[in-house]
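# 3D, please:
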Amino acid sequence: MGILYLAGTIAGILSRVLTAPALNGEDLLLRVAANASQFTLAALLVMTMGIALALIPVVAWPVLRQHDEILALGYVILRGALEGASYMGIVVSWLLLLPLSRAYQSGAVETASAQALANTLLEAPELGAVLMVVFSLGGFMLYTLLYRSRLTPRWLSLWGLLAIMMNLVAGLLAMFGVFSPISDASTILQLPIFFQEIILAIWLIVKGFNVTEASK
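Residues are numbered from 1 along each chain as shown. Just a heads-up that it's a prediction; the model follows:
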C-alpha cells in the first residue's frame with residue numbers, strides 16, 4: 001500500500017515536470033506541439049498515478065473491512081472507482097491537446113477560441129475540483145477508520161483528518177470558481193495532506209498496519 005502511494009505521487013510529480021515547458025511562455029498550443037512527446041508521456045504518467053492510487057483501497061480492503069466494512073467500502077468506491085475515473089478524465093483532457101495543437105498550427109481553428117480551449121483542457125478545472133472533493137471524502141473515511149481502529153498511530157490519523165478537511169475546502173472553493181485547482185492558494189491548502197500521505201506511505205512500508213494494537 002505504501003509503495004502504491006509513493007509510485008502514484010512520483011508519477012504525478014513527473015507528469016507536471018514534463019508539462020512545465022508548455023506552461024512557460026506565451027503561445028500554449030505552439031508549445032504543446034513542440035513538446036508533443038513530453039505531453040503524451042505526461043498523460044501516461046497521470047494514468048499510472050490514477051491506477052496506482054485506485055489500487056490502494058483494493059489492497060487495503062481485506063484489512064480495513066475487518067474494522068468497519070461501511071467505511072472501508074466507501075473508501076474503495078470514492079478513492080478507487082470515482083477518483084480513478086477522474087484521473088482518466090484528466091488523461092483524456094491532456095491528450096486532446098495534441099490534435100488541437102496540430103489543428104492550430106495548420107490554421108484550421110480560430111486562434112482565440114483554440115487558446116481558450118487549450119487552457120481549459122490543460123488545467124481541467126472542473127475535473128480537478130471534482131477530483132479534490134472525491135479525494136477528500138474518501139480520505140475522510142479512511143482516516144476516520146484508521147483513527148478508530150488504531151491501525152496506524154493516532155497522531156498520524158488525526159493529522160490526516162485535519163489535512164483532508166483543508167483539502168476539501170480547497171476543492172469546494174475551486175468548484176465554486178474562487179480559484180483554480182492548481183492555483184497557489186489551492187496548493188497551500190493541499191500541502192498538509194500531501195506531506196501526511198508521504199509520511200503515511202513511508203510508515204506503511206516500514207511498519208505496516210498495527211494489527212496487534214488494532215485488535216485490542
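
# contacts, neighbours, all on C-alpha from now
Fine.

# which helices and strands does the longest helix seen in the chain pack with?
Scanning the chain for the longest helix, with DSSP state H as the assignment, gives helix 36-64. For helix 36-64, the helices and strands in contact under the criterion 3 or more C-alpha pairs under 8 Å, 6 or more residues apart in numbering; DSSP states H and E are helix 2-23, helix 69-75, helix 83-95.

# of all those, which lies closest to Leu53?
Leu53 lies closest to helix 2-23 among the helices and strands packed on helix 36-64, at 5.8 Å (C-alpha to C-alpha).

# hmm, who's touching the closest one?
28, 31-32, 35, 38-39, 41-43, 45-46, 48-53, 55-56, 197-198, 200-205 (C-alpha atoms under 8 Å, 6 or more residues apart in numbering).

# coming back round to it: what comes up buried for the longest helix of the chain?
With burial defined by 16 or more other C-alpha atoms under 10 Å, the residues of helix 36-64 counted as buried are 36, 38-58, 60-61, 64.

# can you check stretch 84-92 too?
Applying a neighbour-count criterion of 16+ other C-alpha under 10 Å, one finds Gly84, Ala85, Ser86, Tyr87, Met88, Gly89, Ile90, Val91 buried in stretch 84-92.

# got these as JSON lines, with distance to Leu168 columns?
As requested, those are exported to JSON lines (distance: C-alpha to C-alpha, whole Å):
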{"residue": "Gly84", "distance to Leu168": "17"}
{"residue": "Ala85", "distance to Leu168": "18"}
{"residue": "Ser86", "distance to Leu168": "16"}
{"residue": "Tyr87", "distance to Leu168": "17"}
{"residue": "Met88", "distance to Leu168": "21"}
{"residue": "Gly89", "distance to Leu168": "20"}
{"residue": "Ile90", "distance to Leu168": "19"}
{"residue": "Val91", "distance to Leu168": "22"}
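
# nearest to Val134, of those residues?
Closest approach to Val134 among the buried residues of stretch 84-92 (C-alpha to C-alpha): Ser86, at 8.9 Å.

# the closest one touches Val133, doesn't it?
No - contact status for Ser86 versus Val133: not in contact, 10.8 Å apart, counting by C-alpha atoms under 8 Å.

# which residue of the chain sits farthest from its center?
Distance from the C-alpha centroid of the chain, by C-alpha atoms, centre = their mean, peaks at Gly107 (34.7 Å).

# just want the angle from whichever strand or helix holds Leu200 to helix 2-23.
Take DSSP states H and E as the rule and Leu200 turns out to sit in helix 184-206. With axes from the mean of the first three to the mean of the last three C-alpha atoms, to 10 degrees as the basis, helix 184-206 and helix 2-23 are set at 150 degrees to each other.
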